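Visitor: The amino acid sequence is not available; the structure is as follows:
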């Protein structure tokens, strides 16, 4: 993975193979229902082209064909006004704002905890095990309940959702940053000491710059799970909107194409977010004169 | 003691003393608060004589019991005692951690005392704050209420645990990890597949796969197989990516050495590359253990028979029976932590040679 260009062709070929497999699977999985439809209509001897068009064009297929999903996303993004409640972009915007708020809060919290853990032995020994244990609490599972609970005391809107994202995204940042801030070796620390550097100076001039690659690696993980947190947190509050709500309504109405469309939308969002963090990483590391990892 | 610890000690001692003085008039009814206050006042003698950290620990423990015993009476003295208890616990943790770091005490198990004391302090603060401040139960029940609920509805919790953990999570986790591992071994044989599949696998790991839950419920029905299917999808990619990375972790030199021994693919795999890959594989197992539990519970939001942890959480949350929800969360947290701990133990046994196990900070 050292050469970005070297992987392009294999990736494209694998993707093409996956698409072919998908179409075959769609054909096989939707075939029974299509057969039932033909039997009802009394049609026999369907030509292959017509059959494929029918199998890949069912309104509520068991597995929609890729072009149906792309069509659905296209209809609900370009085909709709941005303010329309049918627009995926409108819902994606709601999810995105909760994700970003949670991500920023989580990163700040993670940084703060990492600094505490670095500078205080008691914090290191007492906090670290609980931070790890905190992630075995399936907070994502009670996200909808937390949203209800916070609504009950009048905390509404973005914040409850963002809180879930915060809880999920602070963890990689703490773990990564504790590692990153400790990454300068003894020689470098000794050099700082010979310069009579204070703790603050060691932090700002050695530890912080040295931890940048770790920070961005953690932030990439963090923003991806912040998005998951926001999505799941939306599963309850159907009035507020968001991609999670579209997922739930699609599931209740059996609109498989909508579900897959929302998934594609969420995947695109995740990709954009991770790429954005990656771009920021390149920019920062280049300005600091470091080679990107 | 550092300056910081001195400040902690003074504030803690003074707070305990003040708390006792406030109720000294009715010493008979607030006996324990007064005793705790006197003990706190005596602790100020630490500036004259040497007081060991464990004394602070004992004081904090005694303060905690006092607080629990006198929760009924809310007043400034209770909050002062709470402050004192918290600070004593802090002081205890701080001093013990310092001693451990300097290697002054090396009794086995002492390393565990620090996080345990921290956790107990948090629980105590939670309990006293929730009950003392009268936080509505809908928002946050006290730990004792959650515990009472766990005891009183044991059979329900066990049935949910069986449905969600023993059936869905276990099946999905084993299947997902095993298939991810198997595909990784296959992928690893082909340079082309590795270059084509790995970037995709990396990318898919970052996607909100949990969203396929409604689709899986549609395909595999309401019962646990659909949840297991979701878990298979969630756990597959982290395992794939980590195993492939691990298989490439062995160095060029080591592989060349195997070549000079004329060892075949199988021998190189089992004697060099798999052992070198264990740390990566265990990393994936750990990530997956938390993902699997979350996946099962979230998948149950989309349709389930009337049993299961996710089902219970969503229905009881709707009825605002928050203590049941927290009881389920506690069960899930214990199950999750136990699984994680088990994996860590196995990891230590298998990768005993790894620097992070042999000691020293990673």
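Guide: Good, I have the coordinates. Keep in mind it's a predicted model, so treat the numbers as computed, not measured.
Visitor: ok, now which ones touch residue B:206?
Guide: A:220, A:221, A:224, A:270, A:271, A:274 (Cβ atoms under 8 Å, 6 or more residues apart in numbering or on different chains). The way it works is simple: take the backbone N, C-alpha and C, and place the C-beta from them, glycine included.
Visitor: try 6 Å
Guide: Each residue near residue B:206 by Cβ atoms under 6 Å, 6 or more residues apart in numbering or on different chains is listed here: A:224, A:270, A:274.
Visitor: Give me the buried positions along stretch B:87-105.
Guide: Going by neighbour count (16 or more other Cβ atoms under 10 Å in any protein chain shown), the buried part of stretch B:87-105 is B:87-100.
Visitor: could you dump the residues you listed to a markdown table with secondary structure and distance to chain A?
Guide: Output for the buried residues of stretch B:87-105, formatted as a markdown table (DSSP: H, G, I helix; E, B strand; the rest coil; distance: Cβ to the nearest Cβ, whole Å):
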| residue | secondary structure | distance to chain A |
| --- | --- | --- |
| B:87 | helix | 13 |
| B:88 | helix | 13 |
| B:89 | helix | 10 |
| B:90 | helix | 8 |
| B:91 | helix | 9 |
| B:92 | helix | 9 |
| B:93 | helix | 5 |
| B:94 | helix | 4 |
| B:95 | helix | 8 |
| B:96 | helix | 8 |
| B:97 | helix | 4 |
| B:98 | helix | 6 |
| B:99 | helix | 10 |
| B:100 | helix | 7 |
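Visitor: in which helix or strand would I find residue A:226?
Guide: Using DSSP states H and E, residue A:226 falls within helix A:208-233.
Visitor: Where do the domain boundaries of chain B fall?
Guide: Using automatic domain parsing, the domain parsing of chain B gives B:3-135, B:150-358.
Visitor: For the helix or strand following the helix holding residue A:226, name the packing helices and strands.
Guide: Later in the chain than helix A:208-233, the nearest helix or strand by DSSP H and E is helix A:243-252. Counting contacts by 3 or more Cβ pairs under 6 Å, 6 or more residues apart in numbering or on different chains; DSSP states H and E, helix A:243-252 is packed against helix A:88-119, helix A:256-287.
Visitor: Deepest in the core, which of those helices is it.
Guide: helix A:88-119 (a mean of 21; mean count of other Cβ atoms under 10 Å in any protein chain shown).
Visitor: which stretch among the helices and strands packed on helix A:243-252 comes nearest residue B:339?
Guide: helix A:88-119 (24.2 Å; Cβ to Cβ).
Visitor: Now find how far off-centre the following helix or strand past that closest one is within its chain.
Guide: Per DSSP H and E, the first helix or strand lying C-terminal to helix A:88-119 is helix A:121-134. Distance, stretch centre to chain centre, for helix A:121-134: 26 Å (Cα atoms, centre = their mean, to the nearest Å).
Visitor: Buried ones in helix A:121-134, by neighbour count?
Guide: For helix A:121-134, using 16+ other Cβ under 10 Å, the buried residues are A:121-129, A:131-134.
Visitor: For residue B:87, which residues are in contact?
Guide: Taking Cβ under 6 Å, 6+ apart as the criterion, residue B:87 is in contact with B:8, B:11, B:12.
Visitor: List the ones among those residues that fall in helices.
Guide: The helices, defined by DSSP state H, take in B:8, B:11, B:12 from the contacts of residue B:87.
Visitor: what number of residues lie near the second one?
Guide: The local packing count at residue B:11 equals 14, with neighbours defined by other Cβ atoms under 10 Å in any protein chain shown.
Visitor: Distance check, the nearest residue to it once chain neighbours are set aside against residue B:349.
Guide: Counting by Cβ to Cβ, 6 or more residues apart in numbering or on different chains, residue B:11 lies nearest to residue B:87, which is 5.8 Å off, once chain neighbours are set aside. Distance, residue B:87 to residue B:349, by Cβ to Cβ, to the nearest Å: 41 Å.
Visitor: out of the domains of chain B, deepest packed?
Guide: domain B:150-358 (a mean of 19).
Visitor: Enumerate the residues of the stretch 51-200 of chain B near chain A.
Guide: B:93-94, B:97, B:101, B:114-115, B:118, B:138-139, B:192, B:195-197, B:199 (Cβ under 6 Å from any Cβ of the partner chain).
Visitor: Which one of the residues you listed is nearest to residue B:266?
Guide: For those, the minimum distance to residue B:266 (Cβ to Cβ) is 21.4 Å, reached by residue B:192.
Visitor: Quick check, pLDDT for the most centrally placed residue in chain A.
Guide: The C-alpha lying nearest the average C-alpha coordinate of chain A belongs to residue A:224 (Cα atoms, centre = their mean; 3.0 Å). Note for residue A:224: predicted pLDDT of 85.
Visitor: circling back to that earlier point, same list (the contacts of residue B:87) but as JSON lines, adding pLDDT.
Guide: Below are the contacts of residue B:87 laid out as JSON lines (pLDDT from 0 to 100):
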{"residue": "B:8", "pLDDT": "73"}
{"residue": "B:11", "pLDDT": "74"}
{"residue": "B:12", "pLDDT": "70"}
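Visitor: tell me which of those residues is nearest to residue A:211?
Guide: residue B:8 (29.6 Å).
Visitor: Show the contacting residues for the closest residue to the closest one other than its chain neighbours.
Guide: Nearest non-adjacent residue to residue B:8, counting by Cβ to Cβ, 6+ apart: residue B:91, 4.8 Å away. By Cβ under 6 Å, 6+ apart, the contact list for residue B:91 reads B:8, B:9, B:56.
Visitor: Please state the offset of the strand or helix carrying the last one from the chain centre?
Guide: Put plainly, it is residue B:56. Following DSSP H and E, one finds residue B:56 within helix B:53-69. In terms of Cα atoms, centre = their mean, the centre of helix B:53-69 is found 25 Å from the chain centre.
Visitor: which residues are contacting it?
Guide: Under Cβ under 6 Å, 6+ apart, the answer for helix B:53-69 is B:32, B:36, B:81-82, B:85, B:88-89, B:91-92, B:95-96, B:124, B:128.
Visitor: Helix, strand, or coil at the nearest residue to residue A:7 once chain neighbours are set aside?
Guide: Spatially, and ignoring its direct neighbours in sequence, residue A:7 is nearest to residue B:195 (4.9 Å; Cβ to Cβ, 6+ apart). Of the three states, residue B:195 takes helix according to DSSP: H, G, I helix; E, B strand; the rest coil.
Visitor: Would you map the strands across the stretch 201-350 of chain B?
Guide: With DSSP state E, counting those that start in this stretch, there are no strands along the stretch 201-350 of chain B.
Visitor: low pLDDT regions in it?
Guide: The model of the stretch 201-350 of chain B has no residue with pLDDT under 70.
Visitor: now swap in the stretch 51-200 of chain A and tell me
Guide: Ranges of the stretch 51-200 of chain A meeting pLDDT under 70: A:79-85, A:140-142, A:144-145, A:149, A:152-157.
Visitor: try 90 this time
Guide: For the stretch 51-200 of chain A, residues meeting the criterion pLDDT under 90 lie at A:51-99, A:102, A:113-189, A:192, A:197-200.
Visitor: before we move on, the earlier item: just the closest of the contacts of residue B:206 to chain B, please.
Guide: Distance to chain B, by Cβ to the nearest Cβ, is smallest for residue A:224 among these, at 4.0 Å.
Visitor: Provide the backbone phi and psi angles at the residue nearest to that closest one when sequence neighbours are not counted.
Guide: Nearest residue to residue A:224 in three dimensions, chain neighbours excluded: residue B:206, at 4.0 Å (Cβ to Cβ, 6+ apart). Main-chain dihedrals, residue B:206, degrees, to the nearest 10: phi -90, psi -10.
Visitor: Show me what from the stretch 201-350 of chain B comes close to chain A.
Guide: Close to chain A, as judged by Cβ under 6 Å from any Cβ, the stretch 201-350 of chain B has residues B:206-208, B:211, B:214-215, B:290, B:293-294, B:297-298, B:301-302, B:317, B:325, B:329, B:332-333, B:336-337, B:340.
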